[in-house]
Every structure is written in C-alpha cells, then in structure tokens.
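Q: Here you go, sequence then predicted model.
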Amino acid sequence: MKVIARNKKATFNYFIEEKFEAGIALKGTEIKSIRAGKVSIGDAYVRVRNGQAFIVNMHIAKYTEGNQFNHEETRTRKLLLHKKEIIKLHNAMQLERKTIVATQVYLKEGLAKLEIATATGKKLYDKRHSLKEKDQNRRLQKINARH
C-alpha cells in the first residue's frame, strides 16, 4: 500500500469516527496523475445522492503527457462502495448530522483507493486543546532525544 496524499487538516478540524475504503471511478489519464502524486484532497468531501456516493472537490492535476482528451481537474467522481456502506454514510449524514471527509488517497494492488471517514466538526476550544497536546508531545520528544 503506497500512500499518495493525506488530508492533515481532517484530523485537526474534525473528530474522526468510522473509516471506510472506497474505490474511485476514474477516466482517462487520471490514474497516471495519481501515480505521479499530483492529487490533493484538502478541500474534498463526500455527498450521497440517489443511492450513490460521490467525491466533490478532489483535485487531480492534468497529466503532462496527455493530449486533448485530458481530464477535468476537479470534476465530481463516483465512489465505489458496497450498498450497506452507502446506506451507513447516508444515515450518518442525514440523521446524525455528520460530515464525510476524505482522509487519504493510496494505491492498493495497483488500484487507486480513497479512505473516507465520518466525522464531527471540532469547536475552536477543541482545536486549541489539540494544538496544546501536539506542542506538549513535541517538547517531550525533544527532552527524550537529548537524554
């Protein structure tokens, strides 16, 4: 499993709860750009419509060796999930008022996979607390490294 892109802001802005692995329906040269590492999921989120899941705002750069049939960079892409998983995600969005965020893109057995997670947003004081913990851990690591 080779990780291509991570959404570092997801763990800072949200409490991550349940994770899912989804395939991505790609067109043309998109897989070549993903293998080259030219993908960004910082602003990406998932929508469930008509019993299907879609990733919105996932940016895959145009393939440099591509021709006139190159892909659109931020088009909405279909996610390949089992029906039960889609129902779970839909219920989390509608009933529990959760957000579905993309956490990482990786290659598994030559196929591009997307890890998505249900999440609840953090308040400002939660974010401050996360920064405080991160700073304390960094200080402890520096102290341990010296000794």
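A: Yep, that arrived. Bear in mind the structure is a predicted one, so any value in this text is a computation, not a measurement.
Q: What distance do you get for the residue nearest the centre of the chain to residue 144?
A: Nearest to the mean C-alpha position of the chain, by C-alpha atoms, centre = their mean, lies residue 102 at 1.9 Å. Here residue 102 is placed at a distance of 34 Å from residue 144 (C-beta to C-beta, to the nearest Å). The way it works is simple: take the backbone N, C-alpha and C, and place the C-beta from them, glycine included.
Q: remind me, longest helix of the chain?
A: helix 124-146 (DSSP state H).
Q: so what does that helix touch, helix or strand wise?
A: helix 8-13 (3 or more C-beta pairs under 8 Å, 6 or more residues apart in numbering; DSSP states H and E).
Q: quick one: average pLDDT of the helix it packs on?
A: Mean pLDDT, computed over helix 8-13, is 90.
Q: what packs against that helix?
A: strand 99-108, strand 111-121, helix 124-146.
Q: Please give me every residue in contact with the residue nearest to the centre of the chain.
A: Residue 102 sits next to 7, 10, 41, 44-46, 55, 58, 114-116 when contact means C-beta atoms under 8 Å, 6 or more residues apart in numbering.
Q: how about a cut-off of 10 Å?
A: Neighbouring residues of residue 102 by C-beta atoms under 10 Å, 6 or more residues apart in numbering: 5-7, 10, 22, 41-46, 55-58, 79, 114-117.
Q: for residue 30, same thing?
A: 24, 38-39, 58, 60-63, 66, 70-73, 75, 77, 112.
Q: go again using 8 Å as the cut-off
A: 60, 63, 71.
Q: count of neighbours near the last one?
A: It refers to residue 71. 19 (other C-beta atoms under 10 Å).
Q: Ok, the first one next?
A: For residue 60, the number of neighbouring residues by other C-beta under 10 Å comes to 27.
Q: any idea how far residue 49 is from residue 1?
A: Taking C-beta to C-beta, one finds residue 49 at 29 Å from residue 1.
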